[in-house]
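>>> 3D model of this:
(chains A, B and C)
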Amino acid sequence: MTRISVNVDGTTYEDDVEPRLLLAHYLRDRLGLTGTPIGCDTSNCGACTVDLDGASVKSCSVLAVQADGRAVTTIQGLAKDGEWTPLQRAFHEQHALQCGYCTPGMIMAARDLLRENPHPDPDEIRQALEGNLCRCTGYQNIVRAVLAASGQQAPGAAPAPGPEVGEEVSA
Amino acid sequence: MIPPAFEYARPAGVDEAVRTLACAGEEAKVLAGGQSLLPLLRLRLAFPELVVDVGRIPELRGVREDGDTLVIGALTTHHAVLHDPLVRRHAGLLAAATATVADPAVRHLGTLGGSLAHADPAGDLPAVALALDAELVVAGPRGRRTVAAREFFVDYLQSALTPDELLVEVRVPKTDGWGFHYEKFHRVAQAWAIVGVAALVRRDDGHLAEARVALANMGSTPLRATATEEALTGADGPGAVARAAERAAEGTRPARDVSASPEYREHLARVLTRRAVLTAGEMG
Amino acid sequence: MTGQAVEREVGRPRLRKEDARLITGQTNWTDNIQVAGLTHLAILRSPMAHARLTRVDVSPALRRPGVLAAFSGADLAEGLGSLPCAWPVTEDIVLPDHPPIAVDEVRYAGDPVALVVARDRYAAADALEAIEVDYDPLPPVLDLETALAPDAPLVHADKGTNRCYTWPLVTGETFEAVRDRAEVILKRRYHQQRLIPNAMEPRSVVVTPLAASGEYTVYSATQIPHILRIMLSMVTGVPEHKLRVIAPDVGGGFGSKLQVYGEEALTLAVARKLGRPVKWTESRSEGALATHHGRGMIQDVEIAATGEGRLLGLKVDLLADMGAYLMLVTPGIPILGAFMYPAIYKMDAYAFHCTGVFTTRTPTDAYRGAGRPEATFAIERIMDELAAELGLDPIELRRRNWIRHEEFPYTGIAGLTYDSGDYEAATDKALALFGYDDLRAEQRERNRRGDRVRLGIGVSTYTEMCGLAPSRVLRDLRYAAGGWEAASIRMLPTGKVEVVTGTSPHGQGHETCWSQIAADVLGVPFEDVEVLHGDTKAAPQGMDTYGSRSLAVGGEAVHRAARTVVEKARKVAAHLLEASEQDLEFSGGVFSVKGSPEARRTIQEIAFETFTNHDLPDGIEPTINAEHVVDPENFSYPHGTHLCAVEVDTETGRTRIRSYVCVDDVGRAVNPMIVEGQVHGGLAQGIAQALYEEAVYDDEGNLVTGTLADYLVPSAADLPDFVTDRTETPATSNALGVKGVGEAGTIASTPAVVNAVVDALRPLGVHDVRMPCTPERVWRAVKEASA
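Residues are numbered from 1 along each chain as shown, chains lettered A, B, ... in the order given. Predicted structure coming up:
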C-alpha cells in the first residue's frame, strides 16, 4: 500500500492504495465519484478523461499513485452552485449527447482544448477530440457545442432550441 | 481490465532510480508517463514485480540548448515538446511528428523518453529520432553513456537499454534551415501508423544537398531508407525525388498484421517517401 | 396553476430533460451501483475457439485472498437452463443447447469456463489467473461455405450439421421465368463483415438478493428489462414475480443490449447461491468477445432487368453467420432483411433464401438496423452496378423503378404494404442540396484529366420497415413474443403527470419526447410531466426498445393513454360544471362550457377532484388515470435519399468523404432536434461499416480486433459534417403519423459510401470493393483492375 494525498474537485483525500490502483477506479470505487465512467482498456475511448493539474488525462491510464500530491478535476467539479459551465450548457443546447456515456470525457477534453485555443475552428475541434469516442452523435453536434461554448456560431447550427428545460411555457 | 499487482518505487533522483533498477533486475519496469505501460498492464501483457516511477524526477524534464544540439529531458512530455519554442525552432520535424502522436490527453502524460525506450517500431518518434541522428544519454550503475539512435533500437520493443539503465536525455542536433515533414498514414486518427515517413532535407542551390529519410513500421525497428537517401543526394526536381523514393522499401522487412500486408506497406513506403521529401523540400 | 399551453409541443426541438444528469456526472450507470456487502464476479473465458474441456479446477482460486467463491460450469449446471432463443424461424431449425457457462465444450473464444466471486474487482481479476483448465482442441469452424460441406467439422457435433436453417421467401413469378425475358442480368456477391457494436457503456449487471423472501433485483445495462425478467425467470427458475429488473441509465445499445446474456443469468445464479449482492462489469476487450456481434453474411444477389432498366426480378441467396449459439433473436436477423431486398422498387419476381450457419465465433444478433442494412446494401449496390451496366444515371434508373407517390399505399413484391412515402420529393430535395449535377460535371472533368484523386458519387434511396410490430405478423414469422407496447398515465393530485412507458431508452430521449406527446394531449406544461421507464416495478408492462419501435408503438401508446385520460376527465368535468359532455370544449388543458367560457376546470384540477372524491357522482370511478396497449396493424416505413461524394486517392487507396447529404422521411417529427441527432449517429455507424470497422478472426478462430486499438471506431477527426434535411409524409399506422428514426441513417449510409467509392474507381475498371473499404483493399482493387 502506498499513501497518497489527492485533491479531487476541491476536496483533499488521503488514502492508502495499492500501487496498481487506476485513478479511474480510485475515483469511482473509493471516492464514489462515479461521474467519470470507464469505456475501454487501451486508452482509446476517452470516456474517463479528467483534468490533472490543469491538463486532460485519461484516468484509466493513470495510476492513483501518479496523482499523489496533485489536483484532479472531474465532470462533477465543473458546475458551481448548480450553475453549469458554458460547455455543459452548450452540450445541452446543441444536443451534443444522446446516451451520455462519453459526455463527461468529451466535455473534459473540450475544456482542455478551449483553455489552449479559445477560438478553435471545426477542424481543430475534431482533431482535439480524436481521443474521445462517441457512438451516438456522429460528433457533429459535439463540434457545434464546442463552437458555441467558445462564442462562435456553429455552421448549420442545430434547429433553434425551445425554451430551457424548466422554463415556463404556459401563458 | 485490471493491472496485476506490483511493488512500487518512486525514486527522487536519477542515481536512486538507477540503484533501484539495479537491485530489481529484469523484473522491473520504468514508469515515465505510463501511456504505453498502463495499457499493457491493463491487458495483462506485462507482469512486472516492481514499477519504478521516475515521473517525479525534475532534472529529467525540459529542453535546453547545448551549442548545436538541443538537449531534451527524457521525461519531457509530448505536449511540452510540441509547444517548446526551442524544439519548434531547431527541431521542427520532432514537433511536427509529436503532434501526430496519440491524442491530446495521452500527449499530456506520455514522454519523449518513454516513447523511445518503448522502442515500438510503429511509434512515430523512434523514426524521427533516427532521422534526426539523435543521441540518447543513458544512466546506469557504471555511469552515463551515449547511444546513437542508429544503435538504440535493437529489435521489436527492444532498445539498447539494459535492465539497470535509465534513458535520461535525448540530444538532438539542430536542423536549422533543413526542410522537414512527417507523413503518417493511418486508418483513423487515433490508430498507429501503418507506415510513417520522417523526412529531412537540406537544399542547396535548387537541389537536395542532403536528405535523411526514416521509416516507421517497416520492420522490427525504425529504419533509415539508405538507398533512397543516397539517391536523393543532388536530386534537382520532383522526377529525381520520385525515382529515389522508388527505393524506399529496399532493405525493409515490414510485418503483416490486421491493418496491412507487407506488400502494401512497401508500396506505401515508396509513395509516402516521395510525398514527404517533396513536401520537406517544398518541391511538390 | 397554469393556463393554456401557448404552443404545441409535438414538432418542437425541445431540449432534453435527460441531459442535466448526464452533463454533470450524476448518471446512474449500472457499474455505479454500490450496495453494502457488494461482491464482484469475474469470468474466465476460453482462449480457444473450439475445444473439449477436460479439466476445470477452480480450487486454487479459492485460496486467493478476498475470494468468496469460484465455480466451474459443472458446478452451476444444475438449476441453470439454456439461454433462450425467441425466434426459431423454421419448424426444423437446429436449436442447440446454450449453457450460460460451458460445461464440457467451448465453442468460441470468449465462451465462459469458470467464475470467481471476490470482495473487489482486483481480487476477482487476480484469482482468475489461478484457475486451471485443460483444453483438448477441436477444429474451428470459420468459413460459411465449407462449414456446410458434408465432411466439415461440426460446431455442435450432436446436431450432425452446421446448417441451422434455410428460410425461403418466394413471391411473384419465378425468377427463372423473368430471367428468360430479361435483357440484362447481373450477379454479384457481397460480404457483410462482422461488426462489434461497441456501445460506449460496457455491459454491467448487479443483482441484489433479499434472501429471506427469495426476491432478487437485477440491475442490468439492457435495452429489454421486461423481456429479460421473463427470460431470467425461465433460465434460473426464480419465479417471475420474485424478480425485479431495472435498466438504470443505459449508455447506448444499438442492439447489443437487446439480449438475454449468460452473464445476467450467471450473476443472478451466483447471488442466489451466495446470498450476497454481486456485480459483474465487462471490460471493453472482454465485451469484444462476450457481447454479441452484428452482420456477418455472404450475399449472392442476382438482378434481372429490361434493356430500358425496368426491373424484372431479384434473387437473393444468403449465408448468415449465426456464430456458435442462437441467442435471443439470432436466426431472425436475416429474416428481418428478407422483406427489404426489393426495397422501393417494383418488380415481377422475388426469390429469397437464407441459410443460417453455425461457426465457432461469438454469436451474432441484432446490430443497428438488424437485417435491413444488409438488404439495403445489396439492392442499392447492385442498382448502381445495373445503372453502370445500362449506361444510365443511377438516379434515373431508380426513378424508372420506384413506387410513385400517387401509388401509395402499395403492396410490394415481398408482401409488405407501404402505407406512405414520397421518393420523388426526398430525392429532388437531396439532389438540390448536394449539387448533384455540378459534382457529376467535376467528376467527368477529373476522370478526363486522369486525376490521381478521383471523385465518386454514391446513391442510396432506401426504405426500411420498423416500428416492430404487428403481433400477428410476428406470429407468422414464428417470433415468440408480441409487438405491442404499453403506456399508462397517472394524474397526480397536485396536477403533475407521470407517464409510465414500456419502452426502455438508452440515449434516444424518450423522457423528452413522451413528455411532449403527453403535454400536448393533456394540455399540461412539458415540465409537469415525468416519464418513468426501465423498472419492472415502476413500469410493469412493456416490450422494450429496439427496431426503431419506441415512438411508433410506445409513443403511440402514450398518445392514446393521454386521450383516454382526457375522455375520463371529461365525464368528471361535465359533472363539476353541471353540463353535458357534449357541451364541453377541451383546449389547452381546460374544459369549458360552450357559450359560457367562465365555467371552466383544468384537467389538473380535475385530477385533484378525483383524489378527494368529495364531489364525484355515483358510478364514476375516482380516477382519470388510464393505460393503453397498442398493437399496430402495420410496420412503418421510413425512407429517404442519401448522396455521398468521396475523394479516393488511387495511389494510397485512402478514401475521404467530401460531402454527405441525406433527406429522410421519418413521418412526423415529434422533436426535430432529436431526429437530426439520431440521423447523425446512424450515419456515423453506417459509414463506419463502409470504411473502418471489421471484426477480424485469424485462422484459429481468435478475434484479432479485440480492443479499440484494433477495432477502428471512427472519431470526430475521421468523420465529415453531414447535411441533413427531411420530408414528411405521415405514417398511417399510428395517430401520431410517426415512422421511427433510430436505424434509418445506418441502413441508408453504408451503400451510399461504398457506391461512391466504386463510382470513383469505375473508370479504372473497378466494380467492387469489399467492406470495409480500407486503403489497402482500394489499392488492390485498382491494381488488379489495371493488371
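
>>> And the residue of the stretch 101-250 of chain C closest to chain A?
Of all residues in the stretch 101-250 of chain C, C:M200 sits closest to chain A, at 3.9 Å by C-beta to the nearest C-beta. Placement of C-beta: from N, CA and C, glycine included.

>>> Nearest residue to that residue in space, please, no chain neighbours.
Distances taken as C-beta to C-beta, 6 or more residues apart in numbering or on different chains place A:Y101 nearest to C:M200, at 3.9 Å, with adjacent residues excluded.

>>> got it, and C:R656?
The shortest distance from C:R656 to any non-neighbouring residue, by C-beta to C-beta, 6+ apart, is to C:E647 (4.9 Å).

>>> what about the one you found, how many neighbours?
Each residue near C:E647 was counted by other C-beta atoms under 10 Å in any protein chain shown, and the total is 18.

>>> CA atoms only for the helix or strand hosting it - export them in CSV, please.
Remark: C:E647 resides in strand C:639-649, with elements defined by DSSP states H and E. Taking Å, rounded to 0.1, in the frame of the first residue of the first chain, the C-alpha atoms of strand C:639-649 are listed here in CSV:
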residue,chain,number,x,y,z
HIS,C,639,-37.4,6.2,-46.4
GLY,C,640,-35.0,8.8,-47.9
THR,C,641,-32.3,9.6,-50.3
HIS,C,642,-28.7,9.7,-49.3
LEU,C,643,-25.9,11.1,-51.5
CYS,C,644,-22.3,10.7,-50.8
ALA,C,645,-19.3,12.2,-52.5
VAL,C,646,-15.9,10.7,-51.8
GLU,C,647,-12.4,11.5,-53.0
VAL,C,648,-10.3,8.4,-53.4
ASP,C,649,-6.5,8.6,-53.6
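
>>> For the residue in chain C that chain A sits nearest to, give me the backbone phi and psi.
When you check chain C against chain A by C-beta to the nearest C-beta, the closest residue turns out to be C:G25, at 2.0 Å. Note on C:G25: its backbone torsions stand at phi 80, psi 20 [degrees, to the nearest 10].

>>> my read: it touches A:G32, true?
No - using C-beta atoms under 8 Å, C:G25 is not in contact with A:G32, being 11.5 Å away.

>>> Can you give me the neighbour number for C:V35?
With neighbours defined by other C-beta under 10 Å, the count for C:V35 comes to 12.

>>> what residues are up against it?
C:V206, C:T208, C:P277 (C-beta atoms under 8 Å, 6 or more residues apart in numbering or on different chains).

>>> Check these one by one and keep those near chain A.
Residues of the contacts of C:V35 in contact with chain A (C-beta under 8 Å from any C-beta of the partner chain): none.

>>> PyMOL command to pick out the buried ones of the residues you listed?
In PyMOL, the members of the contacts of C:V35 classed as buried (16 or more other C-beta atoms under 10 Å in any protein chain shown) are selected with the following command:
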select buried, chain C and resi 206+208+277
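
>>> Tell me the one among the contacts of C:V35 nearest to chain B.
Taking C-beta to the nearest C-beta as the measure, C:V206 is the one of those closest to chain B, at 18.1 Å.

>>> about what we covered before: and the residue nearest to C:R656, bridged to which residues?
Beta-bridge pairing for C:E647 (DSSP bridges): C:L455, C:R656.

>>> can I assume it is in contact with C:A760?
Yes - C:E647 is within contact range of C:A760, at 7.4 Å (criterion: C-beta under 8 Å).

>>> any common contacting residues for these two?
Where contact means C-beta under 8 Å, 6+ apart, the residues bridging C:E647 and C:A760 through contact with each are C:R454, C:L455, C:G456.

>>> Pull out the buried positions in stretch B:199-210.
Counting neighbours by 16+ other C-beta under 10 Å, one finds that the buried residues in stretch B:199-210 are B:A199, B:L200, B:V201, B:R203, B:L208.

>>> about what we covered before: more neighbours: which of C:G25 and A:G32?
Each of C:G25 and A:G32 had its neighbours counted (other C-beta under 10 Å), and the higher figure belongs to C:G25 (24 against 10).

>>> Please tell me how far the nearest residue to that one once chain neighbours are set aside sits from A:A24.
Spatial nearest neighbour of C:G25, excluding adjacent residues (C-beta to C-beta, 6+ apart): A:G35 at 2.0 Å. Distance, A:G35 to A:A24, by C-beta to C-beta, to the nearest Å: 11 Å.
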